[in-house]
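Dropping a prediction and its sequence here:
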Amino acid sequence: MAEQKTHKVTLIPGDGIGPEVTQAVVRILEATGVKFEWERFAAGAEAFEIFGEYIPAALYESIERNKVALKGPVTTPVGGGFKSINVTLRKKFDLFANFRPIKNLPGLETKWPGVDLIIVRENTEGEYVGLEHEVVPGVVESIKVITDKGSTRIAKFAFDYARKHGRKKIHSIHKANIMKMSDGLFLRCARRVAEGFPDVLYGEHIIDNTCMQLVMNPFQYDTLLLENLYGDIVSDLCAGLVGGLGLVPGANLGHDCAIFEAVHGSAPDIAGQDIANPTALLQSAVLMLHHLNEEAAANKVQKAVETVYAERKTLTRDVGGHAGTSQFADAVLAAMG
Ligand code: NAI
């Protein structure tokens, strides 16, 4: 029999609820039978205290080597302080596609049952390039960068994904009525790519209207293609459609590396209490298992998650239960058999 492969994965537990949800997820992953070797690193304020660097050089090297990372949320100071670790890592490894599937879990009552959306967010450009400066006191400029290359490759990613996975329709979400040049370029690139995919329907909606449409009738959409900032905001809105931020997974994908992380942040309001929902990071880990071609393990974990939700006995508070983070993980482990 061929020897089982060991996957070396960079693990960034993060801060806030990060270490709690990461611990729960690692326990579950280790019970799948897949062999992992974790290279664990602090990032952000915690790393700065230990190493004097927000992202230690050894963390960069680890991702460079392993090509795959599982990451908990990292707190970013508001209105000053150090640059977002998330944005920095996405830029450094050119993780241009942020992929976020939005799907109901069984047993959870939400306004809309049967939501099945894909968010494809451009992950390296837009307002998040972080080019801001004070022109004169009281006047600040923030530069939004949209490029033909960046827009074309994210559109191509969305259409390739749609074709491969039988998704029927892609909507570009924009504000090109106001941001005529930048969002205009994003749309022109998407239209050009769409021409090569006659089997996938293509539409365009303005971002503000889209938010209303999503809340009123999410079923009119299938795959949403968005610039960085719009994708960030609409992801949280869509998380709300299926039960909240505790559930929705994500993957930051580049041509070379991938970092898997939940949509949610470090949730300081509930950190350290063993009450956070680890489902979002767990479902991100399921995406990682697929990425590593560990299909059986991915399906096993996903099925166990769905069983625990369908039973409704061991759910965390954010989704109407009373269980803690580790109790939820115990239930998933039990459902895996
Ligand atoms: P947040 O996503 O951390 O929290 C928003 C709300 O959702 C809070 O009420 C929180 O308790 C709840 N929530 C989030 N995740 C949950 C979970 N797993 N289980 C149960 N409830 C959950 O957003 P917020 O408060 O705006 O940001 C906090 C920090 O996180 C900020 O510093 C922000 O920059 C950072 N952040 C980091 C991200 C990352 O590392 N990828 C992504 C988003 C935010």
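On my side now, so go ahead. Numbers count the residues shown, from 1 in each chain.

okay, CA-based contacts and neighbour counts for the rest of this
Fine.

Would the strand of greatest length in the chain count as contacting the ligand?
Of all segments of type strand in the chain, defined using DSSP state E, the longest is strand 126-136. No: Strand 126-136 lies out of reach of the ligand by CA under 6 Å from any ligand atom, never closer than 12.6 Å.

Who are the packing partners of that strand?
Secondary-structure packing of strand 126-136 (3 or more CA pairs under 8 Å, 6 or more residues apart in numbering; DSSP states H and E): strand 139-145, helix 228-242.

residues of it that come out buried?
126-130 (16 or more other CA atoms under 10 Å).

same thing with stretch 54-71?
54-56, 59, 62-63, 66-71.

How far off centre is the longest strand of the chain?
Centre-to-centre, strand 126-136 and its host chain are 24 Å apart (CA atoms, centre = their mean, to the nearest Å).

How about residue 197, nearest residue that isn't a chain neighbour?
For residue 197, ignoring the flanking residues on the chain, the nearest one in space by CA to CA, 6 or more residues apart in numbering is residue 159 at 7.0 Å.

Close to the ligand: what parts of the protein are there?
Contacts of the chain with the ligand, taken as CA under 6 Å from any ligand atom, map to 73-77, 86, 245-246, 263-267, 269-270, 276-278, 318.

Pull out the buried residues from these.
73-76, 86, 245-246, 263-267, 276-278, 318.

circling back to that earlier point, now for the residue nearest to residue 197: which residues touch it?
By CA atoms under 8 Å, 6 or more residues apart in numbering, the contact set of residue 159 is 170, 193-194, 197, 200.

Can you tell me the SS state at it?
helix (DSSP: H, G, I helix; E, B strand; the rest coil).

what about the strands in this structure?
6-12, 35-40, 68-71, 97-103, 116-122, 126-136, 139-145, 169-174, 201-206, 223-226, 251-253, 258-261.

Next, format those as a markdown table and append mean pLDDT.
A markdown table is the format used below for those (pLDDT from 0 to 100):
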| stretch | mean pLDDT |
| --- | --- |
| strand 6-12 | 98 |
| strand 35-40 | 98 |
| strand 68-71 | 98 |
| strand 97-103 | 98 |
| strand 116-122 | 98 |
| strand 126-136 | 95 |
| strand 139-145 | 97 |
| strand 169-174 | 98 |
| strand 201-206 | 98 |
| strand 223-226 | 98 |
| strand 251-253 | 98 |
| strand 258-261 | 98 |
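
want to throw those into TSV with distance to residue 50?
Below are the strands of the chain laid out as TSV (distance: least, CA to CA, whole Å):
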stretch	distance to residue 50
strand 6-12	15
strand 35-40	14
strand 68-71	19
strand 97-103	30
strand 116-122	33
strand 126-136	26
strand 139-145	32
strand 169-174	42
strand 201-206	45
strand 223-226	37
strand 251-253	27
strand 258-261	23
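
any low-confidence regions in the protein?
1-2 (pLDDT under 70).

make it 80
Filtered on pLDDT under 80, the chain yields the residue ranges 1-3.

before we move on, back to that, quick one: the longest strand of the chain to strand 139-145, angle?
150 degrees (axes from the mean of the first three to the mean of the last three CA atoms, to 10 degrees).

Strand partners (parallel or antiparallel) of strand 126-136?
With DSSP bridges as the test, strand 126-136 is paired with strand 139-145 (antiparallel).

Flag every buried residue along the partner strand.
Neighbour-count burial for strand 139-145 flags 144-145 (criterion: 16+ other CA under 10 Å).

same check, this time on stretch 223-239
So for stretch 223-239, counting by 16+ other CA under 10 Å, buried means 223-232, 234-235, 237-239.

Which pair of those residues spans the longest distance?
In these, two members sit farther apart than any others by CA to CA. They are 227 and 239, at 17.7 Å.

that older thread, which of the buried ones among the residues of the chain next to the ligand fall within helices?
Counting by DSSP state H, these place residue 86 in helices.

Report the two of the buried ones among the residues of the chain next to the ligand separated the most.
That would be 86 and 318, which, of those, are the farthest apart (CA to CA) at 24.3 Å.

Residue 211: neighbouring residues, count only.
17 (other CA atoms under 10 Å).

if I look at the nearest residue to it once chain neighbours are set aside, how far off is residue 218?
The spatially closest residue to residue 211, leaving aside those adjacent along the chain, is residue 234, at 7.2 Å (CA to CA, 6+ apart). Using CA to CA, to the nearest Å, residue 234 is found at 12 Å from residue 218.

Just read off the phi/psi values of the residue of the stretch 101-250 of the chain found nearest the ligand.
Closest residue of the stretch 101-250 of the chain to the ligand, CA to the nearest ligand atom: residue 246 (3.7 Å). Residue 246 adopts backbone torsions of phi -70, psi -10, taken as degrees, to the nearest 10.

Now do the same contact list for it.
Residues near residue 246 by CA under 8 Å, 6+ apart: 264, 276-280, 318.
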